[in-house]
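K.L.:
Kindly generate the corresponding structure for this input.
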Amino acid sequence: MRLIKDHRLYRFLSIGWMVLIFWLPSRPELPVPMLFWGQDKLVHALVFGILAFLYARSFRPREENPSFARVLLITLMVAAYGVFDEVHQMFIPGRDASIADLIADTAGGFFSAVGFHHKRL
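P.N.:
Modelled structure (predicted):
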């Protein structure tokens, strides 16, 4: 599978993904069946891992030996949006903010950024 190389497209996709992350929790009841313990945290990690991937692809093409600072920057960007998302959920009836969710968001972003860093897609 060939990935699109235009970083501007990934900026647009990042914004679209952030809008989706903002909109979905705005619904008080999401119809998600619980299949196993910890599913909620796994979903948070996956959703924010995708956001980290889109952020990583939205940067200009990388130099030959990219620094690990980019991983940290992407992780901070994901964590900041995770904070925004958790604060937003405080104002939605039936939803609440959770440090554990924020940790899952940040971890998903970090592991996705590390994977992207090592794979250099």
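K.L.:
got the contact list for the one helix or strand residue 53 maps to?
P.N.:
Here residue 53, judged by DSSP states H and E, is contained in helix 39-58. For helix 39-58, the surrounding residues in contact (CB atoms under 8 Å, 6 or more residues apart in numbering) are 3, 7-8, 10-11, 13-14, 17-18, 21, 32, 70, 74-75, 77-78, 81-82, 100-101, 104-113, 116-117, 121. For every residue, glycine as well, the C-beta is placed using N, CA and C.
K.L.:
In whichever helix or strand comes after that helix, which residues are buried?
P.N.:
Per DSSP H and E, helix 39-58 leads on to helix 69-89 as the next helix or strand towards the C-terminus. Burial within helix 69-89, assessed by neighbour count using 16 or more other CB atoms under 10 Å, is assigned to 70-71, 74-75, 77-79, 81-82, 85-86, 89.
K.L.:
what distance separates the helix or strand following helix 69-89 from the middle of the whole chain?
P.N.:
Sequence order places helix 99-119 as the next helix or strand after helix 69-89, per DSSP H and E. Put simply, helix 99-119 sits 7 Å off its chain's centre (CA atoms, centre = their mean, to the nearest Å).
K.L.:
Which strands or helices does helix 99-119 pack on?
P.N.:
helix 39-58, helix 69-89 (3 or more CB pairs under 8 Å, 6 or more residues apart in numbering; DSSP states H and E).
K.L.:
State the mean pLDDT of that helix.
P.N.:
Mean pLDDT, helix 99-119: 91.
K.L.:
Compare the helices and strands packed on helix 99-119 and report which one is nearest to residue 26.
P.N.:
helix 69-89 (7.7 Å; CB to CB).
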